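Enquirer: Below: sequence and its predicted model.
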Amino acid sequence: MSDLFSSMADDIMIRRKKANPIAGNGGADISSPAGDNSEAPTQLCQADFNNFISLLDGWQSKCKNLHWAAPSQIGESIHVRLDEFHDIIADYKDLVAETSMGIFGRMQPNAIQSVQSNTLNATDFINEVHCGVLSFYSRLCNCPEFCGIKSDMEQFISNIDKYKYLFSLCETGMY
């Protein structure tokens, strides 16, 4: 039994070394075991995760901008909901960054380049985040290396769905 686990661990380490752009070529297929010729899902490398983190960084900034620009109101406040969602994005961005470095190795200090969102209201903003996250999620393979990050992303998607509902309860007024 220990030989099986040793073989699986060796296979994972081989795929991680091949996929680590700092230590190797950066574009290797980590979606299927070494030597498996089956059709693989989209190959992701550290650069793909850095691009996703750059999107999260831009969304975090946009969320705070919308929070500051939100109209004052009585009752369910979009101002408060945006502030809450900002914290969720910030925590998730940190989780993705640290998890991806656990898979691929340390990122360079200039790897994240914030991608600006041009949305002008909370509804368009949360729909943009939802679509972007689902798009990235659909590119993750079912390999064991990504099971944790997929689970975390599913929780983030659940939070997005929750805040889509909570945003809809707010009188958003004019921005």
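Expert: It's in.
Enquirer: Would you mind pulling up the elements that the host helix or strand of residue 68 packs against?
Expert: Secondary structure from DSSP states H and E places residue 68 in helix 46-69. Helix 46-69 sits against helix 78-104, helix 122-139, with contacts defined as 3 or more C-beta pairs under 8 Å, 6 or more residues apart in numbering; DSSP states H and E. In this view, the C-beta of every residue, glycine as well, is placed from N, C-alpha and C.
Enquirer: now residue 64, nearest residue through space, not along the chain?
Expert: residue 86 (5.3 Å; C-beta to C-beta, 6 or more residues apart in numbering).
Enquirer: which SS state does residue 108 fall under?
Expert: Taken by DSSP: H, G, I helix; E, B strand; the rest coil, the conformation at residue 108 corresponds to coil.
Enquirer: Look up phi and psi at it.
Expert: phi -70, psi 150 (degrees, to the nearest 10).
Enquirer: And it, how close does it get to residue 155?
Expert: Residue 108 sits 28 Å away from residue 155, going by C-beta to C-beta, to the nearest Å.
Enquirer: So between the two, which is more surrounded?
Expert: residue 155 (13 against 10; other C-beta atoms under 10 Å).
Enquirer: Which strand or helix spans that one?
Expert: helix 147-168.
Enquirer: got the angle between the helix holding residue 68 and helix 147-168?
Expert: If you take axes from the mean of the first three to the mean of the last three C-alpha atoms, to 10 degrees, helix 46-69 sits at 20 degrees to helix 147-168.
Enquirer: Check whether residue 156 really touches residue 130, as I assumed.
Expert: No: using C-beta atoms under 8 Å, residue 156 makes no contact with residue 130, being 10.1 Å away.
Enquirer: who's more crowded, the two?
Expert: Higher neighbour count among residue 156 and residue 130: residue 156, with 21 against 15, using other C-beta under 10 Å.
Enquirer: So in this structure, where's the weakest helix or strand by average pLDDT?
Expert: helix 2-19 (a mean of 43; mean pLDDT, DSSP states H and E).
Enquirer: wait, what's in contact with the residue nearest to residue 153 when sequence neighbours are not counted?
Expert: Spatial nearest neighbour of residue 153, excluding adjacent residues (C-beta to C-beta, 6+ apart): residue 137 at 5.1 Å. With contact set as C-beta atoms under 8 Å, 6 or more residues apart in numbering, residue 137 has these partners: 150, 153, 154, 157.
Enquirer: The second one contacts residue 132, doesn't it?
Expert: No: under the criterion of C-beta under 8 Å, residue 153 lies out of contact with residue 132, with a separation of 11.4 Å.
Enquirer: Of those two, which one has the most company?
Expert: Remark: of residue 153 and residue 132, residue 153 carries more neighbours, 21 against 18, as counted by other C-beta under 10 Å.
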